[in-house]
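1. quick one, structure for this:
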Amino acid sequence: MLKRFYARVMALAASPYATWWLAAIAFAEASFFPIPPDALLIPMALAKPRAAWRFALVCTIGSVVGGALGYLIGYAVFDQLARPILQFYGYGNAYAAFQARFQEYGVWIILIKGLTPIPYKIVTIAAGAAQFSFGLFMAASLVTRGGRFFLVATLLHFFGDSVRVFIEKRLTLVTTALAVGIVAGFLALKFL
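-> Presented below is the predicted three-dimensional model:
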């Protein structure tokens, strides 16, 4: 069953609409969608290693634009919904301290967490909620998301064939490692 699913994903990655789906998923993941664009970027780059950098560019642009939506969600909806709840429970001062920390260390939070498996939407919404500088947020997002996607694309461009052979021979091991990485990202988010 796993090999059939892998073959299906590889076929979809080579389809003419794959780039549009990649852009849509990168956009949505940065603001509200749970699945990272790597789930499509990697098979697309494996199917067409010479186009890996183009796919990374599509991911980067989609993710940064989606990050702007995530920022807007944190900026607009947070004030309308979450702030009254925080004040009701007496957490207004704690939120003010969070805003101050994000203003001081926000660019580092964006740069570091943008490279990790921690869902990027958490960072984008938090940046908006903290009213972090939008221009600085966008610049840091461009650097960190571009760095992440272009690193993946570069590795797959140069080592795509050997990576594909490795995955096809050890598909269960690869999917298990990927699942462990995703869980580790969520655990890191919870405890960091």
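2. check which helix or strand covers residue 24.
-> helix 18-29 (DSSP states H and E).
3. and for that helix, what's in contact with it?
-> The contact list for helix 18-29, computed with CB atoms under 8 Å, 6 or more residues apart in numbering, reads 12, 33, 35-37, 39-41, 44, 54-55, 58-63, 65-66, 69, 119-121. Placement of C-beta: from N, CA and C, glycine included.
4. buried sites along that helix?
-> Within helix 18-29, the residues scored as buried using 16 or more other CB atoms under 10 Å are 18, 19, 21, 22, 23, 24, 25, 26, 27, 28, 29.
5. distance check, the first one against residue 41.
-> Noted for residue 18: a distance of 10 Å to residue 41, by CB to CB, to the nearest Å.
6. one more: the last one?
-> The spacing between residue 29 and residue 41, counted by CB to CB, is 11 Å.
7. do the same with the second one
-> Here residue 19 is placed at a distance of 10 Å from residue 41 (CB to CB).
8. joint contacts of these two?
-> In contact with both residue 19 and residue 41: residue 55, using CB under 8 Å, 6+ apart.
9. rewinding a little: roughly how far is the helix holding residue 24 from the heart of the chain?
-> From the chain centre to the centre of helix 18-29 is a distance of 11 Å (CA atoms, centre = their mean, to the nearest Å).
10. show the subsequent helix or strand relative to it.
-> Using DSSP H and E, the first helix or strand after helix 18-29 is helix 38-47.
11. tell me the angle of that next one relative to helix 18-29?
-> Per axes from the mean of the first three to the mean of the last three CA atoms, to 10 degrees, the angle that helix 38-47 makes with helix 18-29 is 160 degrees.
12. what comes up buried for helix 38-47?
-> Buried residues in helix 38-47 (16+ other CB under 10 Å): 38, 40, 41, 42, 43, 44, 45, 46, 47.
13. which elements pack onto that helix?
-> For helix 38-47, the packing partners by 3 or more CB pairs under 8 Å, 6 or more residues apart in numbering; DSSP states H and E come out as helix 2-13, helix 18-29, helix 52-72, helix 134-169.
14. low-confidence ranges in the chain?
-> 1-3, 5-10, 81-83, 85-86, 89, 91, 94, 116-118, 163-192 (pLDDT under 70).
15. in it, which residue is closest to the centre?
-> For the chain, the residue nearest the mean C-alpha position is residue 120 (4.4 Å; CA atoms, centre = their mean).
16. list the contacts for that residue?
-> 29, 30, 36, 63, 67, 70, 113, 114, 145.
17. let me know the closest of these to residue 87.
-> residue 70 (23.5 Å; CB to CB).
18. now that closest one: how far from residue 111?
-> As judged by CB to CB, residue 70 and residue 111 stand 16 Å apart.
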